[in-house]
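Trainee: Predicted model, plus sequence, below.
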Amino acid sequence: MRLSVAQTTVQPDPADTAALKECGRRIRALMREAREAGARLLHLPEGALSCPDKRIMSTTGPDDIGPADWDRADWTTLAEELQAIAQLAGELRLWTVVGSIHPLTPPRRPHLSLYVVSDHGEVVTRYDERLLSNTKVSHMYTPGSAPITFTVDGVRFGCAMGMEAAYPEIFLEYERLDVDCVLFSTHGPGTPVNNGPFALQAQALAAANSYWVSYAGTAQDAPNAPSGLVTPDGDWLTRCPPEPTAALATADLDLTPENHARRWRRRARSGLYTQFQAPDDPRSTDRASRTA
């Protein structure tokens, strides 16, 4: 199956109606470009539709980071843009995974999420970031609680986001859930943005779990870590240009080779080694001492 992974400029203020509409327009342009490239799925970064800045959102900021003021967010425009994205996904028959914020009933803070939009134009599931940064969980968001998986043309996907590349257990969990590819969307650890470590971790996690990892970062961070697709061997198959502009990288996920490494790791974790383990003979220490 053919996948496109994007990098795009994210906007920091969810109260800026014009900026939200521009983000929606930019996303839809990338959707059309991905479909022209033959993609069945487009993967976008964290906050592609809205990526709130902690200093803009802080009720006590910008110098002192405090609780986020979510009343200022333009939830109506966010919903309208998401609906327009879903409608176009149906028209293009293109699965689209897009980052945004998801409102909860006040006073609960929103989730930071990835919406999974099917090729029928429906939001079929949503991944909410679970392992948040200190600022995110203290002042901004409600953490998610579960992994999600979905299947496109026989390829099974999982989702991760934010700083979750720093937590191997998230990716090992998806290996146990038998995914073929993890879609990892991120924004970066602040200003100046530098996602180089996250991109490196994405490579390591792909190799350690023997599955594909799609890495979607922001255009702002492309000079450090352009978006791209990592093979189950941990190699970059394709990447966007290292320039701070919107771009796509498109490639086919090849699932035909037999994945011997993944099968062996599963066997090794199943208790295989127990049969070979035995308590040491205490006399062996005495013999070693006498020999010395």
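Mentor: Nice, I can see it. Residues are numbered from 1 along each chain as shown.

Trainee: Give me the local confidence score for the spatially closest residue to residue 133 that is not a sequence neighbour.
Mentor: Spatially, and ignoring its direct neighbours in sequence, residue 133 is nearest to residue 163 (5.7 Å; C-beta to C-beta, 6 or more residues apart in numbering). C-beta coordinates here come from the backbone N, C-alpha and C atoms, glycine included. At residue 163, the pLDDT value in this model is 94.

Trainee: ok, residue 163 to residue 215 distance?
Mentor: 13 Å (C-beta to C-beta, to the nearest Å).

Trainee: between the two, what contacts are shared?
Mentor: 186, 198 (C-beta atoms under 8 Å, 6 or more residues apart in numbering).

Trainee: show me the contacts for the residue nearest to residue 133.
Mentor: Per C-beta under 8 Å, 6+ apart, neighbours of residue 163: 131-133, 186, 189, 198.

Trainee: Highest neighbour count among those residues?
Mentor: Highest neighbour count within the contacts of residue 163: residue 186, with 28 neighbours (other C-beta atoms under 10 Å).

Trainee: Might one say that that one is in contact with residue 43?
Mentor: No - applying C-beta atoms under 8 Å, one finds residue 186 not in contact with residue 43, separated by 11.6 Å.

Trainee: So which bits of the strand or helix carrying residue 266 are buried?
Mentor: In this assignment (DSSP states H and E), residue 266 forms part of helix 260-268. If you call a residue buried by 16 or more other C-beta atoms under 10 Å, then helix 260-268 has these buried ones: residue 265.

Trainee: can you list the residues that contact that helix?
Mentor: 175, 209-211, 232.

Trainee: CA atoms of stretch 56-72 as CSV?
Mentor: C-alpha atoms of stretch 56-72 as CSV (Å, rounded to 0.1, in the frame of the first residue of the first chain):
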residue,chain,number,x,y,z
ILE,A,56,-0.3,31.9,24.3
MET,A,57,-2.8,29.7,26.1
SER,A,58,-1.5,30.4,29.7
THR,A,59,-3.9,32.3,31.9
THR,A,60,-0.8,33.6,33.8
GLY,A,61,1.6,33.9,30.9
PRO,A,62,3.4,34.4,28.7
ASP,A,63,6.4,34.5,31.1
ASP,A,64,4.8,32.3,33.8
ILE,A,65,3.2,29.1,32.4
GLY,A,66,-0.1,28.4,34.1
PRO,A,67,-3.4,26.7,33.3
ALA,A,68,-4.5,27.0,29.7
ASP,A,69,-7.6,29.1,28.9
TRP,A,70,-9.5,26.9,26.5
ASP,A,71,-12.5,29.3,26.4
ARG,A,72,-10.5,31.3,23.9
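
Trainee: residues making contact with that stretch?
Mentor: 12-15, 52, 54-55, 103, 106, 109-110, 135, 139-140.

Trainee: are any of those residues buried, and which?
Mentor: Among the contacts of stretch 56-72, those classed as buried by 16+ other C-beta under 10 Å are 12-15, 52, 54, 109-110, 139-140.

Trainee: just checking, which of those residues belong to helices?
Mentor: residue 54 (DSSP state H).

Trainee: three-state assignment of residue 78?
Mentor: Going by DSSP: H, G, I helix; E, B strand; the rest coil, the secondary structure assigned to residue 78 is helix.

Trainee: who's in contact with it?
Mentor: Residue 78 is in contact with 14, 20, 49-50, 100-101, counting by C-beta under 8 Å, 6+ apart.

Trainee: Of the residues you listed, which pair is most distant in space?
Mentor: 20 and 101 (10.8 Å; C-beta to C-beta).

Trainee: Now do the shared contacts for those two.
Mentor: Joint contacts of residue 20 and residue 101 (C-beta under 8 Å, 6+ apart) are 14, 50, 78.

Trainee: which one of those residues sits closest to residue 220?
Mentor: Once C-beta to C-beta is applied, the member of these that ends up nearest residue 220 is residue 50, at 14.9 Å.

Trainee: Tell me the pLDDT of that closest one.
Mentor: 95.

Trainee: I'd guessed residue 253 sits against residue 180; true?
Mentor: Yes - the pair residue 253 and residue 180 qualifies as a contact (C-beta under 8 Å) at a distance of 6.9 Å.

Trainee: Next, show the common contact partners of these two.
Mentor: By C-beta under 8 Å, 6+ apart, the residues touching both residue 253 and residue 180 are 155, 212.

Trainee: Kind regards, and thank you for your time.
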